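S.K.: I need the structure of the sequence given here:
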Amino acid sequence: MNSLAKRLLLDSKQGILILSPAQEEKRNQLLQYYSALYRVWGPQHWWPAQSRFEVIVGAYLTQNTAWTNVELALANLREADLLSVEGIRKVSLGKLQSLIRPSGYFRQKAVRLKTFVAFLDEKYGGLLDRLFAQPTLQIREELLNLSGVGPETADSILLYAGNHPVFVVDAYTRRILDRHCILPGKADYEEIRELFQRALEPAIRQQEFMLANGAPMLEAGFRGTAHPPSVMSTSARTALVQVYNEMHGLIVGVGKNYCKKSQPKCDDCPLQRFLPGVK
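M.R.: Predicted coordinates for the structure are as follows:
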């Protein structure tokens, strides 16, 4: 883990916020984005899953594919009664590959899931409770040392399965930041994550207020990328983890419905008024 990542996590735990004027402006922009999106879409109930291990499997399977394909693979595992640590441990590699085939790159992903379970067994006795009881820095470094785990996958596991306060940066996040001239799309992952984590710290009270007062839905009838409430999306978590959770889900909603890779629908986007040059 590089020095920026370590400083970010340590600063986040200690509540240290030292920002330049330019960083302060960007932080305020992201706070406005969070408020605007939450007010029109409300809670996104992301990540949709029935268990922590299902979140972890989904984090692996969603690499380089659409979530709809992941849902098909997860359904296959669930139907075969293999969506558990024990299930992935005992299933043959060939059968696992067949079951997760809809997610694409199924051979690589099957090996990676087996690798994760082997790591969990060897270091933590196969228990997620033991894994997630460790300090965030330690878990993140261990995950990043596993085959096929990059920062986005590691942070998804930490945030959504482990309830650790780590913001997840994905392709949608990069695209929105780039088009809104906040950061280049090719900016360093840790730089983007640092910006969001520093920006969203003050949103804790705002989150608590909006949860208490509810949020209206868009007249169009959809709510970003919202899913029905699930065991994991409604589990107890700190306000900061909830803010990171919601912001990532809201960004996914913008990316899927408006800020598309080609032919973006800027005029209808809830963030349209924040685009550079728009008055």
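S.K.: quick check: mean pLDDT across stretch 137-149?
M.R.: Confidence over stretch 137-149, taken as the mean pLDDT, stands at 97.
S.K.: how near is the residue nearest to G104 when sequence neighbours are not counted to L158?
M.R.: Once flanking residues are discounted, G104 sits nearest to T65: 4.5 Å by CB to CB, 6 or more residues apart in numbering. Just so you know, the C-beta spots here come from the backbone N, C-alpha and C atoms, and that holds for glycine as well. As for T65, its distance to L158 is 21 Å (criterion: CB to CB, to the nearest Å).
S.K.: out of the two, which sits in the more crowded spot?
M.R.: Between T65 and L158, counted using other CB atoms under 10 Å, the more crowded position is L158 (23 against 16).
S.K.: ok, the more buried one - contacts?
M.R.: By CB atoms under 8 Å, 6 or more residues apart in numbering, the contact set of L158 is T136, I139, R140, L143, H164, V166.
S.K.: Next, count neighbours for the first one.
M.R.: Burial measure for T136: 19 neighbouring residues, criterion other CB under 10 Å.
S.K.: Check the fourth one too.
M.R.: Using other CB under 10 Å, L143 is surrounded by 23 other residues.
S.K.: quick one, what contacts it?
M.R.: Taking CB under 8 Å, 6+ apart as the definition, contacts of L143 comprise V149, T153, A154, I157, L158.
S.K.: nearest to I176, of those residues?
M.R.: Distance ranking of the contacts of L143 against I176, using CB to CB, places T153 first at 20.3 Å.
S.K.: domain ranges for this protein?
M.R.: With domains defined by automatic domain parsing, the chain comprises 20-47+168-274, 52-161.
S.K.: Out of those, which gets the lowest mean score?
M.R.: domain 20-47+168-274 (a mean of 86).
S.K.: What's the first helix or strand after the strand or helix carrying V40?
M.R.: When secondary structure is defined by DSSP states H and E, V40 falls within helix 21-41. Following the chain from helix 21-41 toward its C-terminal end, the next helix or strand by DSSP H and E is helix 52-61.
S.K.: Other residues contacting the following helix or strand past that next one?
M.R.: The helix or strand immediately downstream of helix 52-61 is helix 67-79, counting by DSSP H and E. Here helix 67-79 makes contact (CB under 8 Å, 6+ apart) with 54, 57-58, 61-62, 83, 87, 99-104, 106.
S.K.: any chance of these in JSON lines, plus distance to A118 and neighbour count?
M.R.: JSON lines is the format used below for the contacts of helix 67-79 (distance: CB to CB, whole Å; neighbours: other CB atoms under 10 Å):
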{"residue": "E54", "distance to A118": "19", "neighbour count": "22"}
{"residue": "V57", "distance to A118": "15", "neighbour count": "28"}
{"residue": "G58", "distance to A118": "19", "neighbour count": "24"}
{"residue": "L61", "distance to A118": "18", "neighbour count": "27"}
{"residue": "T62", "distance to A118": "21", "neighbour count": "22"}
{"residue": "L83", "distance to A118": "18", "neighbour count": "21"}
{"residue": "G87", "distance to A118": "14", "neighbour count": "18"}
{"residue": "L99", "distance to A118": "18", "neighbour count": "24"}
{"residue": "I100", "distance to A118": "17", "neighbour count": "26"}
{"residue": "R101", "distance to A118": "22", "neighbour count": "17"}
{"residue": "P102", "distance to A118": "24", "neighbour count": "17"}
{"residue": "S103", "distance to A118": "20", "neighbour count": "26"}
{"residue": "G104", "distance to A118": "23", "neighbour count": "16"}
{"residue": "F106", "distance to A118": "18", "neighbour count": "18"}
